[in-house]
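Novice: My questions concern the predicted model and sequence given below.
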Amino acid sequence: AQTVTQSQPEMSVQEAETVTLSCTYDTSESDYYLFWYKQPPSRQMILVIRQEAYKQQNATENRFSVNFQKAAKSFSLKISDSQLGDAAMYFCAYRSPPAGIGASGSRLTFGEGTQLTVNP
Amino acid sequence: ETGVTQSPTHLIKTRGQQVTLRCSSQSGHNTVSWYQQALGQGPQFIFQYYREEENGRGNFPPRFSGLQFPNYSSELNVNALELDDSALYLCASSPTIWTNEQFFGPGTRLTVL
């Protein structure tokens, strides 16, 4: 079974600064997907960024980028120019490629989360 | 386009009771997954439904059951509630089981006393 570990329960950053959230995972699969989700106090889980394991290029979405190290099974999230609205719980998640009907490959396995505080 | 909605927002039950939580998938989505998120933890996969059939289940006992209807809305039923069932229950819909992204609802906060 796959596991996802986030070793930083809490992180803080000054507004406009850069912060990196860490995530490691364990899997024997060669093809999979990784995600970062943001959960603000409203509880709505919002997709921040995703990475396909077969892609060597790191994904980027505006101020958000990842450092995907497949051999090290590491998937960190970098937030640049942090804004007050970035304050939230961030979850790293793993997903196997869906194997069709009857398979359970399309579930998300989440880490424990990192609470990000942005200081003005 | 209407997003994923869940009802109720929160509810309180007592141990031993039964509860039904509801989820309305995003329009055009035929796959729904349910997750349990205990306080301070990441979500845990309960099960997934695809075109009204269960398509994968996590490590949850049989007293957790579900339904998906022809319009792709769904229910999560929990019988014989236990104190540890207190959690945020999230549903997430996808256009199909082969789609990578899951779109989450705002969740239902269940408290078991």
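Specialist: Structure's in. What do you need?

Novice: Across the sheet, point out what pairs with the residue nearest the centre of chain B.
Specialist: The residue lying closest to the centre of chain B (CA atoms, centre = their mean) is B:W34, at 3.4 Å. Applying DSSP bridges to B:W34 yields these beta-bridge partners: B:F47, B:C91.

Novice: Which strand residues bridge the residue nearest the centre of chain A?
Specialist: Against the mean C-alpha coordinate of chain A, by CA atoms, centre = their mean, the closest residue is A:W36 at 2.6 Å. Beta bridges link A:W36 to A:I49, A:C92 when assigned by DSSP bridges.

Novice: That one: what's it in contact with?
Specialist: A:21, A:23, A:47-50, A:64, A:66, A:75, A:77, A:90-93 (CB atoms under 8 Å, 6 or more residues apart in numbering or on different chains). Backbone N, C-alpha and C define where each C-beta goes, glycine included.

Novice: before we move on, the earlier item: so how far is A:A71 from the residue nearest to the centre of chain B?
Specialist: Here the criterion is CB to CB, to the nearest Å. By it, B:W34 lies 34 Å from A:A71.

Novice: thought B:T99 was touching B:S33?
Specialist: No - the pair B:T99 / B:S33 is not scored as a contact, 11.2 Å apart, by CB atoms under 8 Å.

Novice: for chain B, what spans make up the strands?
Specialist: Applying DSSP state E to chain B gives strands spanning B:5-7, B:10-13, B:19-24, B:31-37, B:44-50, B:53-57, B:64-68, B:74-78, B:87-94, B:103-104, B:108-112.

Novice: and the third one, what does it pack onto?
Specialist: Which is strand B:19-24. Judged by 3 or more CB pairs under 8 Å, 6 or more residues apart in numbering or on different chains; DSSP states H and E, strand B:19-24 is in contact with strand B:5-7, strand B:74-78, strand B:87-94, strand B:108-112.

Novice: which one of B:T99 and B:S33 has more residues nearby?
Specialist: When B:T99 and B:S33 are compared for neighbours, B:S33 comes out ahead with 28 against 15, by other CB atoms under 10 Å in any protein chain shown.

Novice: That one: what's it in contact with?
Specialist: Going by CB under 8 Å, 6+ apart, B:S33 touches A:106-108, B:45-49, B:91-94, B:102.

Novice: Among these, which one lies nearest to B:S65?
Specialist: Set against B:S65, the nearest of those by CB to CB is B:F47 (8.4 Å).

Novice: as a whole number, average confidence for stretch B:77-96?
Specialist: Mean pLDDT, computed over stretch B:77-96, is 96.

Novice: buried sites along that stretch?
Specialist: Of all the residues in stretch B:77-96, those buried under the rule 16 or more other CB atoms under 10 Å in any protein chain shown are B:78, B:81, B:85-95.

Novice: one step back: show the contacting residues for the residue nearest to the centre of chain B.
Specialist: Counting by CB under 8 Å, 6+ apart, B:W34 makes contact with B:C23, B:F45, B:I46, B:F47, B:Q48, B:G66, B:S74, B:L76, B:Y89, B:L90, B:C91, B:A92.

Novice: Could you do B:T96 as well?
Specialist: Taking CB under 8 Å, 6+ apart as the criterion, B:T96 is in contact with B:N30, B:T31, B:Y50.

Novice: Tell me the one of those nearest chain A?
Specialist: B:Y50 (6.6 Å; CB to the nearest CB).

Novice: so the closest one makes contact with B:T31?
Specialist: Yes - applying CB under 8 Å as the test, B:Y50 and B:T31 come out as touching, 4.8 Å apart.

Novice: hey, what's in contact with both of these two?
Specialist: Listed as contacting both B:Y50 and B:T31 by CB under 8 Å, 6+ apart are B:T96, B:I97.
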